[in-house]
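**Student:** A structural model of the following input is requested.
(2 chains)
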Amino acid sequence: TQLLEQSPQFLSIQEGENLTVYCNSSSVFSSLQWYRQEPGEGPVLLVTVVTGGEVKKLKRLTFQFGDARKDSSLHITAAQPGDTGLYLCAGHRGFGNEKLTFGTGTRLTIIP
Amino acid sequence: GAVVSQHPSRVICKSGTSVKIECRSLDFQATTMFWYRQFPKQSLMLMATSNEGSKATYEQGVEKDKFLINHASLTLSTLTVTSAHPEDSSFYICSALRGGGPDTQYFGPGTRLTVL
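**Tutor:** Got it, this is the predicted structure:
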């Protein structure tokens, strides 16, 4: 059983459209991170959210941490081909836990 | 920013041989490093936690005698896949934990292992 479920698993949209990726769990996480991974490379950290209800913006990307710290979302506005990649959420389960639990991943393709 | 390197980036070996993968934190010291495995089109799965100067902690289902981890210094952890078989072919990724503030893992670029 995967602790962090991401949806959708695959998403292919036209350039300029908006999209939202969800990361859901029944467990509480002390913090949650979003990564983007290109083929053949390691994941690159996009953002860390720590406080329940927190919203962070990174240019066209908006990240939200659920009030109960069990879920998160990533919203991309006006998607561009450079946004293509595998998006992974990951969290520290509970508190004082150094181990990261990764989500199931969302493979995003932006069509020019 | 913090940099983590892995070597080699790609390796092809024959079945039955052993392969060593290095993970280095280049500009910070890391008492804790992590090893992950990623199969095609899947997410990262934690294999083990590597602690400097002590034995690694393995996740359930990961054979410690097959995946030997050594963390001999504050900047280097190694993963040795012993007696490799084709089912061990995967993308292996390490990360190093940099302390101070919210714990942040910095990931290496990964090592693609192909066992023939």
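**Student:** what about the strands in chain A?
**Tutor:** For chain A, the strands defined by DSSP state E occupy A:5-7, A:10-14, A:19-24, A:29-37, A:44-49, A:55-58, A:61-65, A:71-76, A:85-93, A:100-102, A:106-111.
**Student:** In its sheet, which strands sit next to the last one, and in what direction?
**Tutor:** Right, strand A:106-111. Strands that pair with strand A:106-111, judged by DSSP bridges, come out as strand A:10-14 (parallel), strand A:85-93 (antiparallel).
**Student:** Any chance of JSON lines for those, columns mean neighbour count and mean pLDDT?
**Tutor:** Every residue, glycine included, has its C-beta placed from N, CA and C. Converted to JSON lines, these look like this (neighbours: other C-beta atoms under 10 Å in any protein chain shown; pLDDT from 0 to 100):
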{"stretch": "strand A:10-14", "mean neighbour count": "13", "mean pLDDT": "97"}
{"stretch": "strand A:85-93", "mean neighbour count": "23", "mean pLDDT": "93"}
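**Student:** and chain B, which residues reach chain A?
**Tutor:** For chain B, the residues in contact with chain A (C-beta under 8 Å from any C-beta of the partner chain) are B:4, B:6, B:32, B:34, B:36, B:41-46, B:49, B:91, B:93, B:95, B:97, B:102-110, B:112.
**Student:** let's see 10 Å
**Tutor:** B:1, B:4, B:6, B:9-10, B:32, B:34, B:36, B:38, B:40-46, B:49, B:57, B:59, B:91, B:93-95, B:97, B:99, B:101-112 (C-beta under 10 Å from any C-beta of the partner chain).
**Student:** Find the centremost residue of chain B, please.
**Tutor:** Residue closest to the average C-alpha location in chain B (C-alpha atoms, centre = their mean): residue B:35, at 3.5 Å.
**Student:** give the contact list for whatever residue of chain B ends up closest to chain A.
**Tutor:** Nearest to chain A, among the residues of chain B, is residue B:107, at 3.8 Å (C-beta to the nearest C-beta). By C-beta atoms under 10 Å, 6 or more residues apart in numbering or on different chains, the contact set of residue B:107 is A:35, A:37, A:41-45, A:100, B:2, B:4, B:6, B:23, B:34, B:36, B:44, B:93-96.
**Student:** is it in a bridge, and if so with what?
**Tutor:** With DSSP bridges as the rule, residue B:107 is bridged to residue B:95.
**Student:** what separates it from residue B:35, distance-wise?
**Tutor:** 11 Å (C-beta to C-beta, to the nearest Å).
**Student:** if I look at whatever residue of chain A ends up closest to chain B, how far off is residue B:81?
**Tutor:** As assessed by C-beta to the nearest C-beta, chain B sits closest to residue A:42 within chain A, at 3.8 Å. Using C-beta to C-beta, residue A:42 is found at 18 Å from residue B:81.
**Student:** What is the burial count for the closest residue to residue B:29 other than its chain neighbours?
**Tutor:** Excluding the flanking residues, the one nearest residue B:29 by C-beta to C-beta, 6 or more residues apart in numbering or on different chains is residue B:74, at 3.9 Å. By other C-beta atoms under 10 Å in any protein chain shown, 15 other residues sit near residue B:74.
**Student:** residues in contact with residue B:74?
**Tutor:** Contacts of residue B:74 (C-beta under 10 Å, 6+ apart): B:25, B:28-31, B:33, B:52-53, B:96.
**Student:** Cheers, nothing more for now.
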